[in-house]
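Trainee: Predicted model and sequence follow; I will ask about them next.
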Amino acid sequence: MTYLNKTLPLCLVLSFFANANPTFSEIDYTPKHDFKVTATTNNKLADPHQNNQDAVVYVWPNTHSKFDAVSQLQTLQSNEYWQEVSAQELNAGIMLFTTSTEAFVRIAPKTQFSEGEAIKSPALDASQLMIKPRLSSTFEAVEQTISQQEMALAGFEDGSVALKTNASNLVGQLTLRSNQNLQRNSRYLVHVKEKFSNQLLQVSAANIYQPEEEAVFSLSAKIAGQDLDEKNTQLRLINSHGEATQLSYDGGKILLPDNLDMVGAYQGFYELELTSMKVLAGISVKRSIKVPFAQVVSTAELGQAIQVENQAAVQFSLPIKVAHPGRYAVKATLALQSTKGKITHLQTIEVANWLQGDNSIILPFTANAPSKSGSKLLLTNVSLVDQSRMMLLEQHVVW
C-alpha cells in the first residue's frame, strides 16, 4: 500500500456537482444530501485500468469539514444555432434567423465518409460570401469578413471562415449566399451566434442518467420563457464517437434507446443536441444547444463502516459489494463526536484499490484521536467512486 504526498489525480465524473454546503454540525446529521446510484446493468463493462491494481492511500493536507452535496441538475442557455447545409443551398441562398443587429456567422466545411474514405468539403472563400436582406438587394449586411487564415490564428483549424453582420433594421430578414462555384456533393456547417440577443434558449436537465424500466430522460426547455413548438424541434442523441440517433422531444419526456453502452465518463459523455424554432413578435427565433450527461449504474455498493479494534492508530474497514470488477476509491473524514454533539473533524484520507469481487477497503488514519469519556469516532463526508469508469456512486454526510 502506497502513501502519496501530492494531490491524487482522481477523475471524478460529475465533479461539477460540487457546491459548498454547511458544516456537519450545522446539518445536524440529517442525511438529506446523501446520494446513491441505484440503477444496475447486466452488460459486461469494459475497464481501462486492468493493469493498475496497486493500492494507493492519500492523506489530504487539509481536513474536509464541509460536505459537498451532489446536484443532479444542470441549467444551460444558448444564444446560437447551427445547421448543416448543402453546396446547392449555399449557392442558392439560405435564410439566417437573427434577432439582434449583430450576429457572428461561421461557415465550416464538413467531412463526409464514402466507402470508408473521409472526404472533406472544399474550404470557402470568405470574399465570395454575402449577406443581404434579399438576394436582389444592393444592401450588404456584412460589417466584417474573417478569412480562413485569420480564423486559424484564432484557433479554428477546421477551414472555417466567418462574417459579422450589421443590420440595424433588418433583424430576421437576412439571407446568406456564396458566389463560389461549389462542388454539388459538398456540405457545410453554418453556425450563427448572437452575443447581444435577449432571445435565449434555456434548458434544465439531469446531468446523469440512471436506466430504469422506462428509459426516459426528462428535460425542460423554453425559448424566451415560452414552451418549445414540438413540430419545429429536432433532437439527436450523440455518443462520444460522434454517432447520432434521431429522437423525439415529446414535451421534454425523451425516450432514450435501451442499448446505451457507454457507462460512466471515461469514454466521454452522451449529448442531447436540441434545435428549435419559435415565432415571437413576428420574428423567427432559432436556437441550438447540447446537453451533456453520463449514464451511471451501480457497479459497487458500500457496506456499514466497522472500526478495527486493537490498533495503535485508528482504522476503519469499509465492506464493498462489487458487481463489476474495477478500481474503486473511498474518501472519508474521521471525526470525533462529543457527548454534547459537537463535531471535531480530525483527518481526511482517500484510498483506492482494485477490487475483483466483494472486499473491504481499510482506511488507515494517522491523526491522533483524543480519548474522551462518552465521545465516539465516526466517519463523515464519505464517498465511493468507480475510478475505472469515472462514476460517483455514493456520497454520505455520515456513515
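Mentor: Cool, the structure landed.
Trainee: make it CA atoms for all contacts and neighbour counts henceforth
Mentor: OK.
Trainee: Phi and psi next, for residue 91.
Mentor: Main-chain dihedrals, residue 91, degrees, to the nearest 10: phi -70, psi -30.
Trainee: And for residue 198?
Mentor: phi -90, psi -10.
Trainee: close enough to count as contact, residue 59 and residue 363?
Mentor: No. Taking contacts as Cα atoms under 8 Å, residue 59 lies outside contact range of residue 363: 10.2 Å.
Trainee: Which of the two has more residues huddled nearby?
Mentor: Higher neighbour count among residue 59 and residue 363: residue 363, with 25 against 22, using other Cα atoms under 10 Å.
Trainee: Identify the neighbouring strands of the helix or strand hosting the more buried one in the sheet and state each direction.
Mentor: Element membership of residue 363 [criterion: DSSP states H and E] is strand 359-364. Looking at strand 359-364 with DSSP bridges, its partner strands are strand 315-322 (antiparallel).
Trainee: so where do the helices sit in the stretch 101-250 of the chain?
Mentor: 148-153 (DSSP state H, counting those that start in this stretch).
Trainee: For it, give me the ranges with low pLDDT.
Mentor: Applying pLDDT under 70 to the stretch 101-250 of the chain flags the ranges 135-138, 167-171, 213.
Trainee: mind listing the strands in it by residue range?
Mentor: Assigned by DSSP state E, counting those that start in this stretch, the strands in the stretch 101-250 of the chain fall at 104-109, 111-114, 117-120, 129-132, 142-146, 161-165, 174-178, 187-193, 201-206, 208-209, 216-223, 226-227, 233-238, 244-247.
Trainee: Now distance to residue 279 and mean neighbour count too, for these, in TSV please.
Mentor: Putting those into TSV (distance: least, Cα to Cα, whole Å; neighbours: other Cα atoms under 10 Å) gives the following:
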stretch	distance to residue 279	mean neighbour count
strand 104-109	21	22
strand 111-114	32	11
strand 117-120	35	12
strand 129-132	21	22
strand 142-146	25	16
strand 161-165	21	23
strand 174-178	16	21
strand 187-193	17	21
strand 201-206	13	20
strand 208-209	32	22
strand 216-223	10	18
strand 226-227	10	12
strand 233-238	13	18
strand 244-247	23	15
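Trainee: which one of those strands lies closest to residue 397?
Mentor: strand 208-209 (20.7 Å; Cα to Cα).
Trainee: Please state the offset of the closest one from the chain centre?
Mentor: 10 Å (Cα atoms, centre = their mean, to the nearest Å).
Trainee: What sits closest to residue 366 if chain neighbours are left out?
Mentor: Spatial nearest neighbour of residue 366, excluding adjacent residues (Cα to Cα, 6 or more residues apart in numbering): residue 313 at 6.2 Å.
Trainee: distance of that neighbour from residue 330?
Mentor: Residue 313 is 19 Å from residue 330, where distance means Cα to Cα, to the nearest Å.
Trainee: cool, and residue 69?
Mentor: Distance of residue 69 to residue 330, computed by Cα to Cα: 16 Å.
Trainee: Show residues contacting stretch 297-308.
Mentor: 37-41, 210-211, 263-264, 314-325, 379, 384, 386, 393-394, 399 (Cα atoms under 8 Å, 6 or more residues apart in numbering).
Trainee: Filter the residues you listed down to the buried ones, ChimeraX style.
Mentor: Remark: buried members of these, expressed as a ChimeraX selection using 16 or more other Cα atoms under 10 Å:
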select :37,38,41,210,211,263,264,314,315,316,317,318,319,320,321,322,323,324,325,379,384,386,393,394,399
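Trainee: Run through the bridge partners of the spatially closest residue to residue 113 that is not a sequence neighbour.
Mentor: On the basis of Cα to Cα, 6+ apart, the spatially nearest residue to residue 113 that is not a chain neighbour turns out to be residue 119, at 5.9 Å. Beta bridges link residue 119 to residue 112, judged by DSSP bridges.
Trainee: contacting residues for residue 119?
Mentor: With Cα under 8 Å, 6+ apart, residue 119 has these contacts: 111-113.
Trainee: Apply 10 Å and report the result again.
Mentor: 110-113, 186 (Cα atoms under 10 Å, 6 or more residues apart in numbering).
Trainee: Kindly present these as CSV, with separate columns for distance to residue 102.
Mentor: Formatted as CSV, these follow (distance: Cα to Cα, whole Å):
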residue, distance to residue 102
110, 25
111, 29
112, 32
113, 35
186, 28
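Trainee: ok, which pair from the residues you listed is furthest apart?
Mentor: Farthest pair in those, by Cα to Cα: 113 and 186, 11.5 Å.
Trainee: what touches both of those two?
Mentor: Listed as contacting both residue 113 and residue 186 by Cα under 10 Å, 6+ apart are 119-120.
Trainee: Doesn't residue 268 lie inside a strand?
Mentor: No. Under DSSP: H, G, I helix; E, B strand; the rest coil, residue 268 falls outside any strand and is assigned coil.
Trainee: Measure how buried the closest residue to it other than its chain neighbours is and give me the count.
Mentor: Spatial nearest neighbour of residue 268, chain neighbours left out: residue 240 (5.3 Å); criterion: Cα to Cα, 6+ apart. Using other Cα under 10 Å, residue 240 has 13 other residues around it.
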